[in-house]
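A.B. asks: next one to model:
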Amino acid sequence: MPDQVHRRCGWAETHHDKPFYVDYHDTEWGVPVHDDRLFFEMLILEGAQAGLSWLTILARRDTYRAAFDDFDVHKVAAYDAAKQETLLADPGIIRNKLKVAATIKNAQTFIAIQKEFGSFDAYIWKFVEGRPVINHWNTMSEVPVSTELSDRISKDLKKRGMKFVGTTIIYSFLQATGLVMDHTRECYRYHQLAK
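C.D. replies: The predicted structure follows:
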């Protein structure tokens, strides 16, 4: 039974029987991130989601952290063919050859971005001039799957060599890391984060 005191976004209400999912909605989704390790984690998890549900990926988050050295970008960037084979044999992650290879390539590109801008944080927040985009949706059906902003970031990341960073994946990434706040008006988190 959903918590009546705390009305939540529809996608969290639908899965109120999954505490990890509700906790993600309540504590992480839409909260501005400034930590490069977490940015890298969310970028990889969102890419892993391609063609799947976020619930499927979030349920495997701990096994992803274990498999990918807690998303230490320098360790992931140095993975060799043997490590890729180990990952492809790991039932705790999505065993997709392209996605595993993309994780390593994306780690290398992520490091290049850090070198160029000082941090990934500095790079990504410049797209929104350092301030989160606060939206005011009444229902989840109003929330877009991509925007001109996600188009621009996706295009830039692809140009730099990243994979699995299409505009829809990037829009989910922006929501997850709080560059875009898409909690609906009825949600108690909207009132906390829209200030």
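A.B. asks: strands along the protein, start to end?
C.D. replies: 133-134, 180-181 (DSSP state E).
A.B. asks: who's in contact with the first one?
C.D. replies: Residues outside strand 133-134 that contact it (C-beta atoms under 8 Å, 6 or more residues apart in numbering): 149, 174, 179-181, 193-194. Every residue, glycine included, has its C-beta placed from N, CA and C.
A.B. asks: ok so, going back, and the strands of the chain as JSON lines, adding mean pLDDT and mean neighbour count?
C.D. replies: Below are the strands of the chain laid out as JSON lines (pLDDT from 0 to 100; neighbours: other C-beta atoms under 10 Å):
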{"stretch": "strand 133-134", "mean pLDDT": "98", "mean neighbour count": "15"}
{"stretch": "strand 180-181", "mean pLDDT": "98", "mean neighbour count": "22"}
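A.B. asks: just the helices in this protein please.
C.D. replies: Per DSSP state H, the chain carries helices over the ranges 10-14, 19-27, 36-49, 54-58, 61-67, 73-77, 81-88, 97-117, 120-125, 148-159, 167-176, 188-193.
A.B. asks: buried residues in the last one?
C.D. replies: Meaning helix 188-193. Within helix 188-193, the residues that qualify as buried are 189-190, 193, counting by 16 or more other C-beta atoms under 10 Å.
A.B. asks: what does the third one give?
C.D. replies: Of the residues in helix 36-49, those with enough neighbours to count as buried (16+ other C-beta under 10 Å) are 36, 38-49.
A.B. asks: count the neighbours of the closest residue to residue 52 other than its chain neighbours for me.
C.D. replies: The shortest distance from residue 52 to any non-neighbouring residue, by C-beta to C-beta, 6 or more residues apart in numbering, is to residue 94 (6.8 Å). For residue 94, the count of nearby residues is 18 (other C-beta atoms under 10 Å).
A.B. asks: you'd agree residue 94 is up against residue 57?
C.D. replies: Yes - in this structure, residue 94 is within contact of residue 57 by C-beta atoms under 8 Å, at 7.4 Å.
A.B. asks: if I look at these two, which residues touch both of them?
C.D. replies: residue 48.
A.B. asks: circling back to that earlier point, looking at the buried residues of helix 188-193, which one is closest to residue 161?
C.D. replies: Checking those against residue 161 with C-beta to C-beta, the nearest one is residue 193 at 32.8 Å.
A.B. asks: now residue 10: how far from residue 21?
C.D. replies: Counting by C-beta to C-beta, to the nearest Å, the gap from residue 10 to residue 21 is 13 Å.
A.B. asks: more neighbours: those two, which one.
C.D. replies: Each of residue 10 and residue 21 has its neighbours counted (other C-beta under 10 Å); residue 21 has more, 19 against 14.
A.B. asks: can you tell me the closest non-neighbouring residue to residue 28?
C.D. replies: Residue 28 sits nearest to residue 176 (C-beta to C-beta, 6+ apart), 7.1 Å away.
A.B. asks: what about residue 83, how many residues nearby?
C.D. replies: Neighbours of residue 83 under the rule other C-beta under 10 Å: 17.
A.B. asks: since that was my last question, I'll sign off now.
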